[in-house]
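1. let me see the structure of the following:
(2 chains)
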There are 2 protein chains.
Amino acid sequence: MQVVSTIKEVKDLVKQWKSEGQTIGFVPTMGYLHEGHGSLITSARQDNSKVVVSIFVNPKQFGPTEDFDSYPHDLEKDRRICENLGADLIFHPAPEEMYPKDFYTHVHMSVLTEELCGSSRPGHFNGVCTVVNKLFHIVQPDHAYFGQKDAQQLAVIKQMVKDLSMDVKVVGCPIVREEDGLAKSSRNTYLSAEERKAAKIVSETIRMGENIVKAGETDAKKLVAAMEATIETEPLAQIEYVKAVDGLTMKPITKIKSQTLVAIAVFIGKTRLIDNFIVE
Amino acid sequence: MQVVSTIKEVKDLVKQWKSEGQTIGFVPTMGYLHEGHGSLITSARQDNSKVVVSIFVNPKQFGPTEDFDSYPHDLEKDRRICENLGADLIFHPAPEEMYPKDFYTHVHMSVLTEELCGSSRPGHFNGVCTVVNKLFHIVQPDHAYFGQKDAQQLAVIKQMVKDLSMDVKVVGCPIVREEDGLAKSSRNTYLSAEERKAAKIVSETIRMGENIVKAGETDAKKLVAAMEATIETEPLAQIEYVKAVDGLTMKPITKIKSQTLVAIAVFIGKTRLIDNFIVE
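-> Okay, here's the model as predicted:
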């Protein structure tokens, strides 16, 4: 496995691979890899002859008051994980490599970004679209893998690829969870021991919501109220949103049906956690 | 030469060509082709084994009060021109093929779009970037050809390709002119006989400006004033702008030097004409 930091190195390798008829699976990450990322790399490994993982904490997708500066990192551990899972290449660029001084182009996404994380993190998804658009041009993957945990991000990327006729198949992979149900996230590391216990409420609320829907509830308002009430039983939890939206457009819906996305964002202390489920 | 209207048809052909090791030259146009476009197609023909011309009047790059609905078209003539110049494929999509109902992604360009046509045509270059980004994904050209007449557009496309690490070489081609100097443009057809005569002032002003610079003038203000005074001698001409800007960033400059872009936009009656020169 190689680790490179320049766009040119990746492009040269990709060019060679393409000329050999290799297929490329791509897992874009911000590093500090956990089993969630691992499942993406494993999927990429199964579907493609070459696997590229990018590790880049993208400044453009962080708001001014967010955790860009403190975002956790451990390149050496990431390297071992990628190697063990059979990746062929890590692309680990410096911010100046991706965004040189005179960088003026941004990819904007409307409609899908108005609700959920889009409304609480203005500019976030434009940062995501811009970096993924660029990474796709660099890596030219046949398949790109994203976690269903970031459900809105997955929908936004799929929409960008469709709108701009990009030649890549976007693959969504199931949420990977801790033993107590908490969705794996690099940000879980921010939680104190006490907060970590309290964080269980997030996945419990998701499971509870799923059960309510399975039991036949179709009124989005009632579902949201029940899930909010559950979260409120945890003193350390602060709701940012609990919402039911259309799984493609992210627009609010009133009647729950197949492909409805039910998503929540909850602060446990200062740590913002997200989780979701899609109605079958 | 084939004429196709769907993205899939182009992608299938491109895929086949790529697998055969063919190189692709691409000339994106809004149709109503003239010798300016012809020179782009000829350049593409010389440099590549396959040549694709797109003919698409892109609604996203027209403002609400602009000439989208009246933009001239003559597909049959365009077809003959492309065939005669040795193009292999015309891509002529309907607006709904390029922008289906749920289209939410746009490519935005800052800085380079603040001056010149960018300030008088808000949103224009975002429309240009969005369509060219998408067309590049569809056609996957090795080289793409744009006229130097639309100097700001050429700079914007080059910037987008660089910023987003797109795998295409953008080639700028010299302005092609009528016998009296008027830069070839599909919009020249809007001019009445009287306006057509008056339009000569546009290229005359450019030639005059070039001579002033050749004679040693380095003060942008003085150059602009002299060029404005020339345009004002023509009663049918109305200045939109006369500007000297940095050739890469399009930012205003005060001292003329190598690579300065001197650009003008002039209304002759209701027809907006542009022209420019780059200081050697």
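
2. got the phi and psi for A:Val242?
-> Summarising the backbone geometry of A:Val242 under the convention degrees, to the nearest 10, its torsions are phi -130, psi 120.

3. nope, A:Ser54 is what I was after
-> Phi and psi for A:Ser54, reported as degrees, to the nearest 10, are phi -100, psi 140.

4. surely A:His34 touches A:Ser185?
-> Yes. Applying CB atoms under 8 Å as the test, A:His34 and A:Ser185 come out as touching, 7.3 Å apart. Where C-beta positions appear, they are placed from N, C-alpha and C, glycine not excepted.

5. for A:Lys184, which non-adjacent residue is spatially closest?
-> Distance criterion CB to CB, 6 or more residues apart in numbering or on different chains; nearest residue to A:Lys184, sequence neighbours excluded, is A:Gly36 at 3.9 Å.

6. cool, A:Val171 as well?
-> With sequence-adjacent residues excluded and distances taken as CB to CB, 6+ apart, A:Val171 is closest to A:Tyr145, at 5.0 Å.

7. I'd guessed the one you found sits against A:Gln46; true?
-> No. Counting by CB under 8 Å, A:Tyr145 stays clear of A:Gln46, with 10.4 Å between them.

8. between the two, which is the more surrounded one?
-> Per other CB atoms under 10 Å in any protein chain shown, whichever of A:Tyr145 and A:Gln46 has more neighbours is A:Tyr145, with 27 against 10.

9. wait, is that one part of a strand?
-> Yes. For A:Tyr145, which was evaluated using DSSP: H, G, I helix; E, B strand; the rest coil, the result is membership in a strand.

10. dump the residue contacts of the residue of the stretch 151-280 of chain A found nearest chain B.
-> Distance from chain B to each residue of the stretch 151-280 of chain A (CB to the nearest CB) is smallest for A:Asp163, at 3.7 Å. With contact set as CB atoms under 8 Å, 6 or more residues apart in numbering or on different chains, A:Asp163 has these partners: B:103-105, B:134.

11. widest-spaced pair of the residues you listed?
-> The distance between the two most remote of these (CB to CB) is 12.9 Å, for B:Tyr104 and B:Lys134.

12. give me the more crowded residue out of those two.
-> When B:Tyr104 and B:Lys134 are compared for neighbours, B:Lys134 comes out ahead with 22 against 17, by other CB under 10 Å.

13. can you tell me how far the more buried one sits from A:Asn48?
-> Using CB to CB, to the nearest Å, we find B:Lys134 at a distance of 25 Å from A:Asn48.

14. picking up where we left off before, quick one: contacts for the residue nearest to A:Lys184?
-> By CB under 8 Å, 6+ apart, the residues touching A:Gly36 are A:147, A:149, A:175-176, A:183-185.

15. kindly export the helix or strand containing it (C-alpha atoms) in PDB.
-> Using DSSP states H and E, A:Gly36 sits within helix A:35-47. What follows is helix A:35-47, C-alpha atoms only, in PDB (Å, rounded to 0.1, in the frame of the first residue of the first chain):
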ATOM      1  CA  GLU A  35     -15.200   0.200  12.000                       C
ATOM      2  CA  GLY A  36     -17.700   2.300  10.100                       C
ATOM      3  CA  HIS A  37     -15.000   3.400   7.600                       C
ATOM      4  CA  GLY A  38     -13.700  -0.200   7.800                       C
ATOM      5  CA  SER A  39     -16.900  -1.500   6.400                       C
ATOM      6  CA  LEU A  40     -16.700   1.000   3.500                       C
ATOM      7  CA  ILE A  41     -13.200  -0.100   2.700                       C
ATOM      8  CA  THR A  42     -14.200  -3.800   2.900                       C
ATOM      9  CA  SER A  43     -17.100  -3.100   0.500                       C
ATOM     10  CA  ALA A  44     -14.700  -1.300  -1.900                       C
ATOM     11  CA  ARG A  45     -12.200  -4.200  -1.600                       C
ATOM     12  CA  GLN A  46     -14.900  -6.700  -2.600                       C
ATOM     13  CA  ASP A  47     -16.200  -4.700  -5.600                       C
END
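
16. quick check: buried residues in it?
-> Neighbour counts using 16 or more other CB atoms under 10 Å in any protein chain shown place A:36-45 of helix A:35-47 among the buried residues.

17. cool, stretch A:114-126 as well?
-> Of the residues in stretch A:114-126, A:115-118, A:121, A:123-126 count as buried by neighbour count, 16+ other CB under 10 Å.

18. switch these over to TSV; also include distance to B:Leu191.
-> Conversion of those to TSV gives the following (distance: CB to CB, whole Å):
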residue	distance to B:Leu191
A:Glu115	49
A:Leu116	52
A:Cys117	52
A:Gly118	47
A:Arg121	51
A:Gly123	44
A:His124	48
A:Phe125	45
A:Asn126	41
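
19. please name the nearest non-neighbouring residue to A:Pro72.
-> A:Tyr32 (4.5 Å).

20. show me chain A divided up by domain.
-> Annotated domains of chain A cover A:2-173, A:186-273 [automatic domain parsing].

21. just checking, A:Arg187 touches A:Gly269?
-> No. A:Arg187 is beyond contact range of A:Gly269, at 11.4 Å (criterion: CB under 8 Å).

22. tell me which residues touch the closest residue to A:Thr254 other than its chain neighbours, please.
-> What sits nearest to A:Thr254 in space, not counting adjacent residues and going by CB to CB, 6+ apart, is A:Ala220, at 5.2 Å. By CB under 8 Å, 6+ apart, the residues touching A:Ala220 are A:244, A:252-256, A:260.

23. same deal with A:Ile231?
-> When contacts are counted by CB under 8 Å, 6+ apart, A:Ile231 is found next to A:201-202, A:205, A:237, A:239, A:242, A:264, A:266.

24. again, only using 6 Å
-> A:201, A:205, A:237, A:239, A:266 (CB atoms under 6 Å, 6 or more residues apart in numbering or on different chains).

25. for the last one, list the residues it contacts.
-> Same thing as A:Val266. Listed by CB under 6 Å, 6+ apart, the contact set of A:Val266 reads A:202, A:231, A:237, A:239, A:273.

26. on that earlier part again, of all pairs in the buried residues of helix A:35-47, which one is the farthest apart?
-> Across the buried residues of helix A:35-47, no pair lies farther apart than A:Gly36 and A:Arg45, at 15.2 Å, counting by CB to CB.

27. quick check: residues of chain A near chain B?
-> Remark: the part of chain A in contact with chain B comprises A:7, A:103-112, A:133-134, A:137-138, A:159-160, A:163-166, using CB under 6 Å from any CB of the partner chain.

28. list buried residues within those residues.
-> Burial of those was assessed by neighbour count (16+ other CB under 10 Å); the buried members are A:7, A:103-109, A:111-112, A:133-134, A:137-138, A:159-160, A:163-166.
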